[in-house]
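Participant: Here's a sequence, model it:
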Amino acid sequence: MNKRIALGAVLLTALVPSTAHAQQVTGIKTGFTLTKSGLDAGSASNINAVANRMGRRVGFREVFNPRIVEQHTRGLDGPPVPNALTGFRWEAGNEGEPDWRPQGITGSADAYPNGMAGNYKVLITSWHGEPTEYSRVTLHNTTDSNAGAPYRHVLLVYPTGGGQVQPVISHAGGLAWIGNFLYVASTDRLLVFKISDLIKVKPKLRGEVRTYDYILPLAGAYTPSPALGVSSVSLDRSQKQPALVTSEFLPNAATGGRIVRFPVKANGRMGATVASRNAWSTDVTNIQGALMKSGRFAITSSFGDGNPSYLFAGARKTPLRKTEWPRSGAEDLFLVGSNDRLYTLTEFEKTRRVFAVDASDHGL
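Facilitator: Next up is the predicted model:
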């Protein structure tokens, strides 16, 4: 074959995405039901006791007070992946700490139709501890910009009675925020917290909560049946009724996990039981995050430090568009619908970043 023709064929092959063995999302008939625990008068009373004993409830205005906030994000050091539009790095201590790894991401664009939590544009990330899976969330004030944004870590705790607490043990693999409710994916269930329960801890009691200034007590949980992995959660506002979308991580399995859609009220509440609206299976392996927009899917896949991450996007029953990212450890997904920016974050030390790409340009 002529070398010039051969080179052209190679270039054409590189530029045109292959659909051979392309991953897909396919509907399944299995239905799932979430059953509530907590989120009642008893849990509210326990949280009130925590607030009364350990400190006081506070809002974003106090959390982000510029006179007392100590940590700020840094700008990206060049694009973390091709076509990244925005993002940030944490301070060096958080970027490199080996005992905490970021997992989930959500923001006020999920929580409220206008994208604002009062006067603030807020981004929330979740982290799990290593080797003990304590869990925390980080509140970022991104009202002005992603870079230079003040942020605060908040330890997740559960009340044990009498105003006492213990750290929540959870992988905290994904986040969805709607109204006053923060849903946290916790491997086999959804944990539920209320933003209005954010507590500033008295200095003399911070030794009880691993020296954290702020805590957020657990209000309740939803457990699925039949058994279902709840490795990530996201919010879909593109339909008439909002929905929580969960995904299932199966490490290095021959096939991927299941993606399930559960309806949620516009104010963030769900009932005593919640039946799934739809469920799908996919052959995307090592799912770290999944979300939906107008019936289309976006899925992140990654496994291990030193390996690339992947974004898969498209409609069900069709080959998903696959984008390879050179950065390892891409996790949960969060969509800002107003500007079509798809956010994710990476977990490994020294290379962890938060960044966004154009959702439509990537197949969503």
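Participant: ok, Ser302 - how many residues close by?
Facilitator: Applying other C-beta atoms under 10 Å, we find 24 other residues in the vicinity of Ser302. All C-beta atoms are positioned from the backbone trio N, CA, C, and that covers glycine.
Participant: er, Asp358 actually
Facilitator: Residues within reach of Asp358, counting by other C-beta under 10 Å, total 14.
Participant: again, but for Gly115
Facilitator: A count of nearby residues for Gly115, using other C-beta under 10 Å, gives 16.
Participant: quick one: pLDDT of it?
Facilitator: The predicted local confidence for Gly115 comes out at a pLDDT of 97.
Participant: can you check the one 3 residues further on too?
Facilitator: Here the pLDDT value assigned to Gly118 is 96.
Participant: and the closest residue to it other than its chain neighbours, how far is that from Leu123?
Facilitator: Spatially, and ignoring its direct neighbours in sequence, Gly118 is nearest to Phe60 (6.3 Å; C-beta to C-beta, 6 or more residues apart in numbering). Taking C-beta to C-beta, to the nearest Å as the criterion, Phe60 is separated from Leu123 by 12 Å.
Participant: what touches both of the two?
Facilitator: Shared between the contact lists of Phe60 and Leu123 (criterion: C-beta atoms under 8 Å, 6 or more residues apart in numbering) are residues Leu139.
Participant: If you count surrounding residues, which of those two has more?
Facilitator: More neighbours surround Leu123 than the other of Phe60 and Leu123, with 25 against 19 (other C-beta under 10 Å).
Participant: Figure out the helix or strand that that one lives in.
Facilitator: Counting by DSSP states H and E, the secondary-structure element that holds Leu123 is strand 122-129.
Participant: I'd like the next helix or strand past that strand.
Facilitator: Following the chain from strand 122-129 toward its C-terminal end, the next helix or strand by DSSP H and E is strand 135-141.
Participant: what packs against the following helix or strand past that next one?
Facilitator: Of the helices and strands lying after strand 135-141 in sequence (DSSP H and E), the nearest is strand 150-161. Judged by 3 or more C-beta pairs under 8 Å, 6 or more residues apart in numbering; DSSP states H and E, strand 150-161 is in contact with helix 41-54, strand 71-72, strand 135-141, strand 164-167, strand 214-225.
Participant: In TSV: those, plus mean neighbour count, mean pLDDT and distance to Ala315.
Facilitator: Putting the helices and strands packed on strand 150-161 into TSV (neighbours: other C-beta atoms under 10 Å; pLDDT from 0 to 100; distance: least, C-beta to C-beta, whole Å) gives the following:
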stretch	mean neighbour count	mean pLDDT	distance to Ala315
helix 41-54	17	98	40
strand 71-72	15	98	40
strand 135-141	23	98	32
strand 164-167	18	98	41
strand 214-225	21	98	25
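Participant: Out of these, the one nearest Gln288 is which?
Facilitator: Gln288 sits nearest to strand 135-141 of all those, at 16.4 Å, using C-beta to C-beta.
Participant: CA atoms only: put the closest one into CSV for me.
Facilitator: Listed next in CSV are the C-alpha coordinates belonging to strand 135-141 (Å, rounded to 0.1, in the frame of the first residue of the first chain):
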residue,chain,number,x,y,z
SER,A,135,-16.3,11.2,56.3
ARG,A,136,-16.4,14.9,55.8
VAL,A,137,-17.8,17.5,53.4
THR,A,138,-16.1,20.7,52.2
LEU,A,139,-18.1,23.8,51.6
HIS,A,140,-16.6,26.2,49.0
ASN,A,141,-17.8,29.8,48.4
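Participant: right, and Glu97 touches Phe348 too?
Facilitator: No - in terms of C-beta atoms under 8 Å, Glu97 does not count as a neighbour of Phe348; the distance is 11.3 Å.
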